[in-house]
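1. below is the sequence, then the predicted model.
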Amino acid sequence: MTEIPEHLLKRSRERRDAIGQGGDAAPAADAPATAVEKSASATPAAAPPPPSGPAGRTASAEPAAPKPAKPDPHYVVAAKQRRKVPFWAMATLSLMPVWGFVYVRALTEGGEVSEGPLAAGAEIYGNCASCHGGGGGGGVGYAFTEGEVLKTFPNIEDQVRYVYYGTEQYNLAGVEVYGNPDREGGPHLTGEQGVMPGFGGQLSAYEIVEVICHERYTLGGADPTSEEYAAEYEAWCSGEAPVFEAVESGELDLLALEEAEEFDVNGETVIVVPVGPAPVAGRPGASGE
Ligand code: HEC
């Protein structure tokens, strides 16, 4: 083993002290080093990133000064200045299939679409579903399905009157049978099943026509192409039904009508009979009579 001369060891120790690597060799340097270690290990627990940390930390933070940004090359500048695709373009493009669909439909339109009174009537029917069932299958009130409502009201005008006035007014007027007295399966007697509220105060006349179209054609199953209902459907419930349009515009006041009025529907005459100013006893007869 080679002995290192004491004076060399001392010089080495001094040198290390001078550059701050005191280490275990110098007991004098030991105390401050532990103090720094302690404060350094105590601080992070209390507050993880302390800006007022020990001196060593501030020194190490300095080299993080940001480098000056390099200017963009000309092609990047050009790309940044180019006009972007407008934000609404994607939304517009995504509607292309819908537009295509509508376009093709417009070209090939043949039959009648479920629009107008029927579509609106389906919404208004929300007022009726609680008692008559969402699909018209009945509940507290009668069912409309499988032609039931058509048996009661062969004339759509009678149904308008009934929904407008409701059970109470029929009772007050002393009307015992509403709808067709010769009804298949027996006539419906006022109040027999319960109380049908009058909707005259709640819905306007054209809304009542809408919901009745829904009850007769969508729920009741009347066939708009059948001999029996074609004229009524075209006049009252189709997309461009003239009677409905007259009621909706206010031109025709169903309740104030005094005598039957004729409508020309595709070259055929459809007669609208007065609905009311008051409930009347049911009467037999075919639709539109
Ligand atoms: C609170 C429950 C209730 C609500 C809501 C209701 N109805 Fe009625 N409806 C009845 C009852 C009960 C009867 C049977 C009345 C009777 O026995 O005299 C009836 C009868 C009817 C009839 C006659 C059916 C037949 O074949 O005799 C029609 C049409 C009708 N309602 C349409 C409507 C429409 C349209 C609405 C919504 C705008 C509606 N009802 C909302 C309870 C209701």
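-> That came through, no problem. Numbers count the residues shown, from 1 in each chain.
2. around Leu150, count how many other residues there are.
-> Around Leu150 sit 23 other residues, with neighbours defined as other C-beta atoms under 10 Å. Yep, even glycine has a C-beta here, placed from its N, CA and C like the rest.
3. contacting residues for it?
-> Taking C-beta atoms under 8 Å, 6 or more residues apart in numbering, we find Leu150 in contact with 216, 220-222.
4. top of those by number of neighbours, please.
-> Neighbour counts for these (other C-beta under 10 Å) peak at Arg216, which has 27 neighbours.
5. let me have the contacts of Leu150 in a markdown table, adding distance to the ligand, pLDDT and secondary structure as columns.
-> Listed next are these as a markdown table, based on distance: C-beta to the nearest ligand atom, whole Å; pLDDT from 0 to 100; DSSP: H, G, I helix; E, B strand; the rest coil:
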| residue | distance to the ligand | pLDDT | secondary structure |
| --- | --- | --- | --- |
| Arg216 | 9 | 98 | helix |
| Gly220 | 9 | 97 | coil |
| Gly221 | 14 | 97 | coil |
| Ala222 | 13 | 97 | coil |
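6. farthest-apart pair in these, please.
-> Arg216 and Gly221 (8.5 Å; C-beta to C-beta).
7. can you list the residues of the stretch 101-250 of the chain near the ligand?
-> The stretch 101-250 of the chain has residues 127-128, 130-132, 140-142, 148-149, 152, 159, 162-163, 167, 179, 188, 190-197, 199, 211, 215 near the ligand, with proximity defined as C-beta under 6 Å from any ligand atom.
8. next step: those restricted to strands.
-> His188 (DSSP state E).
9. selection in PyMOL covering whichever of the residues of the stretch 101-250 of the chain next to the ligand are buried, please.
-> The buried residues among those can be selected in PyMOL (16 or more other C-beta atoms under 10 Å) with this line:
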select buried, resi 128+131+132+141+142+148+149+152+159+162+163+167+179+188+190+196+197+199+211+215
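10. among the residues of the stretch 101-250 of the chain next to the ligand, which are in helices?
-> 130-132, 148-149, 152, 159, 162-163, 167, 211 (DSSP state H).
11. from His214, how far off is the most centrally placed residue in the chain?
-> Residue closest to the mean C-alpha point of the chain, counted by C-alpha atoms, centre = their mean, is Glu123 at 13.3 Å. Glu123 sits 9 Å away from His214, going by C-beta to C-beta, to the nearest Å.
12. ok, Pro117 next?
-> Taken as C-beta to C-beta, the span from Pro117 to His214 is 8 Å.
13. and these two? which has more neighbours close in?
-> Legend: neighbour count by other C-beta under 10 Å for Pro117 and His214, higher for Pro117 (29 against 24).
14. can you pull the contacts of the more buried one?
-> The contact partners of Pro117, by C-beta under 8 Å, 6+ apart, come to 209-210, 213-214, 236-238, 241, 244.
15. want to throw these into TSV with distance to Ile19 and pLDDT?
-> Shown next, in TSV, are the contacts of Pro117 (distance: C-beta to C-beta, whole Å; pLDDT from 0 to 100):
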residue	distance to Ile19	pLDDT
Val209	101	98
Glu210	95	98
Cys213	99	98
His214	95	98
Trp236	104	97
Cys237	100	97
Ser238	100	95
Ala241	101	95
Phe244	100	96
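16. what bits of this structure have low per-residue confidence?
-> Scanning the chain with the threshold set as pLDDT under 70 gives 1-2, 21-67, 107-115, 284-289.
17. got the phi and psi for the residue nearest to the centre of the chain?
-> In terms of degrees, to the nearest 10, the main-chain angles of Glu123 are phi -70, psi -40.
18. now the strands for the stretch 151-289 of the chain?
-> Ranges of strands within the stretch 151-289 of the chain are 177-178, 188-189, 261-265, 268-272, based on DSSP state E, counting those that start in this stretch.
19. parallel or antiparallel, list what pairs with the third one.
-> The reference is to strand 261-265. strand 268-272 (antiparallel) (DSSP bridges).
20. for the partner strand, which outside residues touch it?
-> For strand 268-272, using C-beta under 8 Å, 6+ apart, the contacting residues are 157, 231-232, 234-235, 243, 252, 254, 257, 260-264, 288-289.
21. so for it, what gets flagged as buried?
-> Buried, per 16+ other C-beta under 10 Å, within strand 268-272: 270, 272.
22. please apply the same query to stretch 178-185.
-> In stretch 178-185, counting by 16+ other C-beta under 10 Å, buried: 178-180, 183.
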